[in-house]
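Trainee: the sequence and its predicted three-dimensional model are supplied below.
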Amino acid sequence: MQEEPYPVESIPCSCGGQAKYRFRREGVLYTILGTIKYQRAYYLCPTCHTGQYPLDNKLGLRPGEMSAELESLTAMTGAQLPFGQSSQLFESLTLISVSDQSIAKAARAIGEEVQALEQEWMEQSHDFAWLQEQERLAERPERLYGALDAAKVHIRGDKEHPWRDLKAGAWFTTTSKPPQTPEEDWEIHATDITYYCDIIEAEQFGHLLWATGCQHRAQLAKELVFLGDGAEWIWNLVSHHYPEAFQIVDWFHATEYIAPVAQAAFPDEAQAKAWIQQVRSDLWDGDLDAVIDAFARFTNHAQAGKPARKAVTYFTNNRERMRYSEFRAKGYQIGSGTIESGCKQIVKQRLKVAGAIWNIDNCIKTAKARAALLSGQWQTITVRREHLSLPLAA
């Protein structure tokens, strides 16, 4: 890669002076095709002592750094696999050696870009003029689902709280109908899934919930349905930001409270099984009075008292979110499998790999990169980065 053989003597400098031609210097680019070396003219400004390479500026080159395509591909492998494994796999597939440190930097760089985009969304979501324009021009979603959950991640440097909650959310749509019986296929077939996540307090996560929701026009949806478990922080955020939304406790989380009471209360297996079946049937039909009464019978039981009291509290607090018969009649999904799948793919499959203890900042950025990948947003994020400037570690 060569410039004209006779470079000009001087070029304008940003300081207002004139940068003088000194000599040609070699540049090195790291690309998906391998290492590329080239010569170009070097200019130095005597006023501000700033060096310039006109060819690099003209072509958008940053010598000694990864090209856009190389960073995108290495970051993608780092979002999928532990960095050491990513390095080995990348070299096996491309014959290009990239260190695990460079792959980690690439993945974090994508995570930083996600953070920058989320910050823009937050600013938009609090811009009254932008919200008005969206309400005037945007199409209202017929039915939009939101879901929230959290999963533990091992964080370095906090002896008192080594495990932190990575909070995650999802927006999605589906045309699938809810099952007619608990024994039917529960696959939701969600479409247009977008995941977002962070390790922050619930109130801060609420800002991200609102900002991402505005990007999906959640505040304009004709029907907005939220799914989650019984965690108080989830429903507090939903009630605050989307008070008109339908709130539904995941069916499977609700049923987990039944068996522990039955096993402790009934020594006879057949009796326990019959009791479980009856309570599940009442719950499926949305008869929360019968469900709560069934547990209340055992609140003073020697063995079943503790799980029974816990169940009474849980079902009493969430009874309006467990009107399953009514929800199914409306065609609403009553299972939160979409967000649970997201947590599994982000946390269990990537962040909780054997022996992983994370620096919190690196953890957040890697998680955000993986969420972008799972959401089909990779291209959207990478094209934002005009220059993907990461040194290729030796």
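Mentor: Nice, thanks for sending it over. Numbering: from 1, shown residues only.
Trainee: quick one, strands of the stretch 1-150 of the chain?
Mentor: Along the stretch 1-150 of the chain, the stretches classed as strands by DSSP state E, counting those that start in this stretch are 10-12, 18-31, 34-44, 51-52, 143-154.
Trainee: buried residues of the longest one, list them for me.
Mentor: In terms of neighbour count (16 or more other CB atoms under 10 Å), strand 18-31 has its buried residues at Ala19, Tyr21, Gly27, Leu29, Tyr30. All C-beta atoms are positioned from the backbone trio N, CA, C, and that covers glycine.
Trainee: which strands or helices does it pack on?
Mentor: With contacts defined as 3 or more CB pairs under 8 Å, 6 or more residues apart in numbering; DSSP states H and E, strand 18-31 has these neighbours: strand 10-12, strand 34-44, helix 68-80.
Trainee: could I get the average pLDDT for it?
Mentor: Per-residue pLDDT over strand 18-31 has a mean of 85.
Trainee: for that strand, which outside residues touch it?
Mentor: For strand 18-31, contacts defined as CB atoms under 8 Å, 6 or more residues apart in numbering pick out 7-13, 35-46, 50-53, 56, 61, 63-67, 69-70, 392.
Trainee: hmm, back to that, select, out of the strands of the stretch 1-150 of the chain, the one closest to Ala170.
Mentor: Ala170 sits nearest to strand 143-154 of all those, at 4.7 Å, using CB to CB.
Trainee: picking up where we left off before, report the buried members of the contacts of strand 18-31.
Mentor: For the contacts of strand 18-31, buried by 16+ other CB under 10 Å: 7, 11, 13, 38, 40-43, 45, 52-53, 56, 61, 63, 65-67, 70, 392.
Trainee: weakest of the helices and strands packed on strand 18-31 by average pLDDT?
Mentor: strand 34-44 (a mean of 85).
Trainee: lowest-pLDDT helix or strand in the chain?
Mentor: Across the helices and strands of the chain, the lowest-confidence element by mean pLDDT, DSSP states H and E is helix 54-59, at a mean of 80.
Trainee: ok, which stretches of the stretch 151-300 of the chain are helices?
Mentor: 202-215, 232-241, 251-255, 258-265, 269-284, 288-296 (DSSP state H, counting those that start in this stretch).
Trainee: Serialize those to TSV and add fields for distance to Gln349 and mean pLDDT.
Mentor: Output for the helices of the stretch 151-300 of the chain, formatted as TSV (distance: least, CB to CB, whole Å; pLDDT from 0 to 100):
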stretch	distance to Gln349	mean pLDDT
helix 202-215	22	98
helix 232-241	23	97
helix 251-255	20	95
helix 258-265	28	96
helix 269-284	31	96
helix 288-296	35	97
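Trainee: spatially nearest residue to Ala262 (excluding sequence neighbours)?
Mentor: Ala272 (4.2 Å; CB to CB, 6 or more residues apart in numbering).
Trainee: which neighbouring elements make contact with the helix or strand harbouring Thr366?
Mentor: Element membership for Thr366 (DSSP states H and E) is helix 360-374. The helices and strands touching helix 360-374, judged by 3+ CB pairs under 8 Å, 6+ apart, are helix 68-80, helix 100-125, strand 163-173, strand 191-198, helix 378-382.
Trainee: that helix: which residues count as buried?
Mentor: Cys363, Ile364, Lys365, Thr366, Ala367, Lys368, Ala369, Arg370, Ala371, Ala372, Leu373, Leu374.
Trainee: residues making contact with it?
Mentor: With contact meaning CB under 8 Å, 6+ apart, helix 360-374 is reached by 75-76, 78-80, 104, 107-112, 114-115, 153, 155-157, 164, 166, 168, 193, 195-199, 342, 345-347, 350-351, 358, 378, 380-381.
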